[in-house]
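Chemist: got a structure for you, letters missing:
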Ligand code: HEC
């Protein structure tokens with residue numbers, strides 16, 4: 001079977017978007033949650049943060065993939081090396097927005113997106129993402145190491161309160177609660 005590549009998928013996507021666009025002219029799209037908090041973390045936040053953490057080993061030394069245009073590794077892709085780190089910073093800052101959309105956690109509880117401390121942790125992730133972007137633009141490994149540290153703190157600050165739950169605290173069932 002012939003695999004659909006980026007170009008083919010792109011033209012199909014354009015057609016679909018064009019038709020969809022006609023259908024919703026004038027309608028304001030609202031942000032919608034499509035995954036629970038766990039899926040969003042695993043699918044979007046975690047892969048972007050790994051690009052930043054690996055960048056401490058100097059992204060300029062990453063060998064481009066044999067076919068960079070289809071590489072699933074951002075650092076070895078067409079938009080690789082330092083550019084991939086810039087993009088990961090943007091992805092993390094943008095994912096702060098996703099953390100403000102009401103959605104369920106994996107245990108069925110609603111994520112506490114209106115809590116003051118949650119919002120502070122979201123802002124921490126936003127700031128850390130922008131710190132990554134600026135550091136990557138300088139292509140300076142020391143600066144990206146500092147930025148990676150800021151990212152790790154931003155993740156940890158929220159996880160300490162809302163993710164890490166001992167069996168005594170109720171384990172996974174107590175995630176997304178502050179107690
Ligand atoms: C504002 C809060 C918040 C921030 C910031 C945050 N997380 Fe999370 N994260 C959570 C919560 C809550 C869960 C548990 C979600 C669930 O079980 O539904 C979670 C779960 C995860 C998981 C899944 C763990 C598992 O059980 O498989 C990963 C991976 C993860 N986070 C990575 C990150 C990384 C990396 C960062 C920073 C770049 C980050 N998170 C920032 C709140 C946050």
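Modeler: Perfect, thanks for sending it. Computed from a predicted structure; not experimentally measured. Numbers count the residues shown, from 1 in each chain.

Chemist: burial count for the closest residue to residue 39 other than its chain neighbours?
Modeler: Distances taken as Cβ to Cβ, 6 or more residues apart in numbering place residue 106 nearest to residue 39, at 7.9 Å, with adjacent residues excluded. (Each C-beta comes from the backbone N, C-alpha and C, glycine too.) Residue 106: 15 surrounding residues under other Cβ atoms under 10 Å.

Chemist: for residue 64, same thing?
Modeler: 14.

Chemist: give the closest residue to the residue nearest the centre of the chain in space, chain neighbours not counted.
Modeler: The chain has residue 45 as the residue nearest its centroid, 3.0 Å off, counting by Cα atoms, centre = their mean. If the residues on either side of it in the chain are set aside, residue 45 comes closest to residue 95, at 5.1 Å by Cβ to Cβ, 6+ apart.

Chemist: likewise for residue 174?
Modeler: residue 165 (4.2 Å).

Chemist: now the phi/psi pair for that neighbour, please.
Modeler: phi -130, psi 120 (degrees, to the nearest 10).

Chemist: which outside residues touch the helix or strand where the residue nearest to residue 45 lies?
Modeler: Secondary structure assigned from DSSP states H and E places residue 95 in helix 81-98. Contact with helix 81-98 is made by 31, 40, 44-45, 48-49, 51-52, 55, 59-60, 62, 64, 74-75, 77, 79, 122-123, 125-126, 128-137, 139, 144, 147, 151, as judged by Cβ atoms under 8 Å, 6 or more residues apart in numbering.

Chemist: now which of those would you call buried?
Modeler: 40, 44-45, 48-49, 51-52, 55, 59, 62, 74-75, 77, 122, 125-126, 128-133, 135-136, 139, 144, 147, 151 (16 or more other Cβ atoms under 10 Å).
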